[in-house]
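Engineer: whatever this is, show me its structure:
(2 chains)
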Number of protein chains: 2
Amino acid sequence: MPNTKVLPLLDPAAGGSAAAPCCPPLTERPLDAGEAETAARMFKALGDPVRLRLFSAVASHEGGEACVCDISDVGVSQPTVSHHLKKLREAGLLTSERRGTWVYYRVEPSVLAAMGQILTGRPAAAA
Amino acid sequence: MPNTKVLPLLDPAAGGSAAAPCCPPLTERPLDAGEAETAARMFKALGDPVRLRLFSAVASHEGGEACVCDISDVGVSQPTVSHHLKKLREAGLLTSERRGTWVYYRVEPSVLAAMGQILTGRPAAAA
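Structural biologist: Now for the predicted structure:
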């Protein structure tokens, strides 16, 4: 067996619903410590320029998903790309699924909507 | 003269208009390097739990503004509070104004709306 690991498959539905109700809008009341931990983790995941470019490359790719082979033109090495994609996955912003040779990444729309609502206080329309 | 510095006054209108048109929605197209730098700086500013709690304390305070005296109950020292408020100001998320003894901080609604729009792709309603 070569040195290959199958990434765990995440259930998009479970991931989305788990992240969505984390926090009230920032303008509603001061966040408590637990809420702030959860929300800060998501914002921090987007707080790196390379990570943000990779994320937008996935989010804007045809069909809302992309494999590593589609999004590696941001001027960093392949291991660095993989590292950032892993961070985005751990933060609940991307889900991943192996299909054949490649792992495909997909943006979790409910998480984006929840983050937008924390900022603007307005529920998002259906993505 | 004691060791006191008057913080520079930021023009909310100028700060807002400068930050607002930074980037297209993440789902529209891959961000370029410059856009990603700008947007990542804003997300990173919210990527720390203490900073996020302070920010929500200002954002949810009566009248949308607060002085340090109003928001220091997040369990960190006064210098740490000041450090985080400075970071939020540098990221364009807060403006500040000295009035008498205290410096008052105010959330820049246009920046929050712009960040929300980057995430959700929808223009925000008037704040």
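Engineer: could you measure from the closest residue to A:Val76 other than its chain neighbours over to B:Ala40?
Structural biologist: With CB to CB, 6 or more residues apart in numbering or on different chains as the criterion, A:Val76 has its nearest non-adjacent residue at 5.6 Å, and that residue is A:Val50. Quick note: C-beta positions are derived from backbone N, CA and C, even for glycine. With the distance defined as CB to CB, to the nearest Å, A:Val50 ends up 9 Å from B:Ala40.
Engineer: out of the two, which sits in the more crowded spot?
Structural biologist: More crowded of A:Val50 and B:Ala40, by other CB atoms under 10 Å in any protein chain shown: B:Ala40, with 21 against 18.
Engineer: can you give me the buried ones in the one helix or strand that one maps to?
Structural biologist: Assigned by DSSP states H and E, B:Ala40 falls within helix B:33-45. Buried residues in helix B:33-45, counted by 16 or more other CB atoms under 10 Å in any protein chain shown: B:Glu35, B:Ala36, B:Glu37, B:Thr38, B:Ala39, B:Ala40, B:Arg41, B:Met42, B:Phe43, B:Lys44, B:Ala45.
Engineer: how about the spatially most central residue of chain A, what does it touch?
Structural biologist: For chain A, A:Leu93 is the residue whose C-alpha lies nearest the centre (CA atoms, centre = their mean; 1.6 Å). A:Leu93 sits next to A:Met42, A:Ala45, A:Leu46, A:Phe55, A:Val107, A:Glu108, A:Val111, A:Leu112 when contact means CB atoms under 8 Å, 6 or more residues apart in numbering or on different chains.
Engineer: out of the buried residues of helix B:33-45, which are close to chain A?
Structural biologist: Applying CB under 8 Å from any CB of the partner chain to the buried residues of helix B:33-45, one finds that B:Ala36, B:Glu37, B:Ala39, B:Ala40, B:Arg41, B:Phe43, B:Lys44, B:Ala45 fall near chain A.
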